[in-house]
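Enquirer: fold the stuff below for me.
(one chain, ligands or ions: 1)
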Amino acid sequence: MPQMNNEIKNEIKKRRTFAIISHPDAGKTTLTEKFLLYGGAINSAGSVKGKATSKHAVSDWMEIEKERGISVTSSVLQFNYDGYCINILDTPGHQDFSEDTYRTLMAADSAVMVIDASKGVEAQTRKLFKVCTMRHIPIFTFINKMDREAMDTFELLDDIEQELGIATCPVNWPIGSGKNFKGVYDRAEKEVELFSDTKKGTTQGEVRKVKFNDPEIAWLIEDSQRVQLEEEMELQDGAGAEFDQELVSRGELSPVFFGSALTNFGVETFLQHFLKMTSPPLPRIADKGEIDPMEEPDFSAFVFKIQGNMNKAHRDRIAFMRICSGEFEAGMEVYHMQGGRKVRLSQPQQMMASERKMIDKAYGGDIIGVFDPGIFSIGDTLTTSAERYAYEGIPTFAPEHFARVRQVDTMKRKQFIKGISQIAQEGAIQIFQEYNTGMEEIIVGVVGVLQFDVLKYRLENEYNVEIRMDSLPYEFIRWIENEDIDMAKLAGTSDMKKVKDLRGRPLLLFVNEWSIRMTQERNEGLALSEFGR
Ligand code: GDP
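Expert: Residues are numbered from 1 along each chain as shown. Down below sits the predicted model:
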């Protein structure tokens, strides 16, 4: 067995790979910008975002994102800080894209959740945040915008616990908010990090900390606020969960931090604590057992995202992969497990602040994008190991909304099919055909309705095809697991629809759960599944 090279091991140990997730406008972009500022990846915060007026960051690739001000795709940024090599995976900030967020979380070792202090967990993002807990990875909470009027601190924590079913442990505690925001109290150090609004600009700013028992505190924070803090701390110490690294690592306890990304307050404090509490690249589960990056010398990775047409000039398709072990070298030949043959990984790239750059090397924990000639699928494994193995797959979410889609100009049938198939291969939508009629009718299924808008927009802009969509009343989808099913004989309800997916697998669409039960009763031995694996 080949020996694990120490240099590679050290590189991997330095890696911290996390996803950042938030409701739109909670401040994810601003926080990411400040992180990059500390990493020296950019000279001034804001350069990530381009013009101050356009709500468009480096991580927002697509036109539609700029137009609607939402992030549709996820992207990756890498920077170095304090001896760490940090990979940030951005996620779309709307729950209609929670499946994409889930895939991105698969590539991360932890997640940072940004919450607007005046809003708490917002209804629109409940589902999005929930997928975080489904993955059982450490979740860190940054409660942002403390320079604005905030909700009560206990209420905010309670909100997170109730909505996500995860205990919280505030590492620091805010003193006031909005005009009365004085800073945060570090519970372990028993000191106050004083808020100052002078760091808004381009520099990293001075951090001023004063011990809570230092007499000077009386001049800095007025009596009523000090008394309130003492009372709140007493309550929290008595009733709140204690910090427990074990529970954090299991994703059962979320360390909470307060700050204000815009004024660059509490950002570095957060980063420093976070980097200590989160782990280097974790072992990953494959069919032959766990693959530990500290032991496996060979390169291995899995694809978690495919994104087409990121660059209009190139019409390229990029497969993003999480490297799980070993070292990657540009142009290297790897075995593609699902394709059953060797492939050369070409044009490897990473995102650095405002540009995509070609890379020569990458290590376990890193995320790279490689040119995909149309051979990769989400969940695929690549490795240089002589022993063949596959990482566990990434589940497909069951679509909940369906529509019949047609091209307006019948002469554009070919482009239409090409476009919609490619977009489906990326996993942005799922497509189905009626069981008997072949390619004529295409039914699109999505997890969130905004995905319909993205589909329409992309077909028009990238494939020059205008479409018509008629929504269908189905809300439930079930794959048929029986191998020998005779679809013609299958007796369902009158409002049920028989369709097949891209791979020809039969499935059923239902309007309600009652129909599912009826169909099951009418067909003995029928095995239905919610997941299309
Ligand atoms: P995203 O949609 O989560 O990426 O949010 P952005 O980072 O784009 O921030 C949304 C808006 O909130 C922008 O106008 C920011 O300037 C503003 N913002 C972000 N962080 C703060 C903060 O700490 N305080 C205040 N007052 N505004 C903030």
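Enquirer: from here on, just use CA atoms for contacts and neighbour counts.
Expert: Will do.
Enquirer: count of neighbours near residue 333?
Expert: Neighbourhood size, residue 333 [other Cα atoms under 10 Å]: 16.
Enquirer: OK, contacts around the residue of the stretch 51-200 of the chain found nearest the ligand?
Expert: For the stretch 51-200 of the chain, the residue closest to the ligand is residue 145, as judged by Cα to the nearest ligand atom, at 3.5 Å. Contacts for residue 145 were tallied using Cα atoms under 8 Å, 6 or more residues apart in numbering; they are 26-27, 116-118, 259-262.
Enquirer: contacts for the helix or strand where residue 269 lies?
Expert: Assignment of secondary structure by DSSP states H and E places residue 269 within helix 267-277. Contact with helix 267-277 is made by 16, 31, 34-35, 38, 140, 142, 245, 257, 259-261, as judged by Cα under 8 Å, 6+ apart.
Enquirer: follow-up on the earlier one: return the subset of the contacts of residue 145 lying in strands.
Expert: If you go by DSSP state E, the contacts of residue 145 have residue 116 in strands.
Enquirer: and the contacts of residue 145 as TSV, adding distance to residue 252, pLDDT and neighbour count?
Expert: Output for those, formatted as TSV (distance: Cα to Cα, whole Å; pLDDT from 0 to 100; neighbours: other Cα atoms under 10 Å):
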residue	distance to residue 252	pLDDT	neighbour count
26	23	93	24
27	24	93	22
116	22	97	25
117	22	97	25
118	25	97	19
259	23	96	29
260	25	95	25
261	26	93	28
262	29	91	22
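Enquirer: among the contacts of residue 145, which ones lie close to the ligand?
Expert: By Cα under 6 Å from any ligand atom, the members of the contacts of residue 145 lying near the ligand are 26-27, 260-262.
Enquirer: which positions in the top helix by length along the chain come out as buried?
Expert: Longest helix in the chain, counting residues (DSSP state H): helix 223-239. Neighbour counts over helix 223-239 (16 or more other Cα atoms under 10 Å) mark 226, 229, 233, 236 as buried.
Enquirer: quick check: residues of this protein near the ligand?
Expert: 22-30, 144-145, 147-148, 260-263.
Enquirer: cutoff 8 Å now
Expert: Contact residues, the chain versus the ligand (Cα under 8 Å from any ligand atom): 22-32, 55-57, 69-71, 93, 114, 144-148, 259-265.
Enquirer: so which of the residues you listed sit within helices?
Expert: Here DSSP H is the test, and those give 28-32 as lying in helices.
Enquirer: just put the residues you listed in CSV and tack on neighbour count and pLDDT.
Expert: Shown next, in CSV, are those (neighbours: other Cα atoms under 10 Å; pLDDT from 0 to 100):
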residue, neighbour count, pLDDT
28, 25, 91
29, 26, 88
30, 21, 90
31, 23, 92
32, 21, 89
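Enquirer: which one of those is nearest to residue 415?
Expert: Nearest to residue 415 among these: residue 29, at 35.3 Å, using Cα to Cα.
Enquirer: now the residue of the stretch 251-400 of the chain found nearest the ligand: closest residue in space that isn't a chain neighbour?
Expert: Using Cα to the nearest ligand atom, the single residue of the stretch 251-400 of the chain nearest to the ligand is residue 260, 3.3 Å away. Spatially, and ignoring its direct neighbours in sequence, residue 260 is nearest to residue 145 (4.6 Å; Cα to Cα, 6 or more residues apart in numbering).
Enquirer: swap in residue 507?
Expert: Computed as Cα to Cα, 6+ apart, the closest residue to residue 507 that is not its neighbour in sequence is residue 479, at 4.3 Å.
Enquirer: that neighbour sits in which helix or strand?
Expert: Following DSSP H and E, one finds residue 479 within strand 476-480.
Enquirer: shaky segments in the stretch 151-300 of the chain?
Expert: Low-confidence segments of the stretch 151-300 of the chain (pLDDT under 70): 197-205.
Enquirer: which stretches of it form strands?
Expert: Ranges of strands within the stretch 151-300 of the chain are 167-170, 172-175, 183-186, 191-194, 209-211, 253-258, 284-286, 289-291, 300-308, based on DSSP state E, counting those that start in this stretch.
Enquirer: can you give me the offset of the second one from its chain's centre?
Expert: Here the centre of mass of C-alpha atoms in strand 172-175, compared against the chain's by Cα atoms, centre = their mean, to the nearest Å, lies 28 Å away.
Enquirer: again with the fourth one
Expert: If you compare the mean C-alpha spot of strand 191-194 with that of the full chain, they lie 32 Å apart, counting by Cα atoms, centre = their mean.
Enquirer: pairing partners for that strand, with directions?
Expert: Each strand paired with strand 191-194, and its direction, by DSSP bridges: strand 183-186 (antiparallel), strand 209-211 (antiparallel).
Enquirer: please report how far residue 403 lies from residue 467.
Expert: Separation of residue 403 from residue 467 (Cα to Cα, to the nearest Å): 12 Å.
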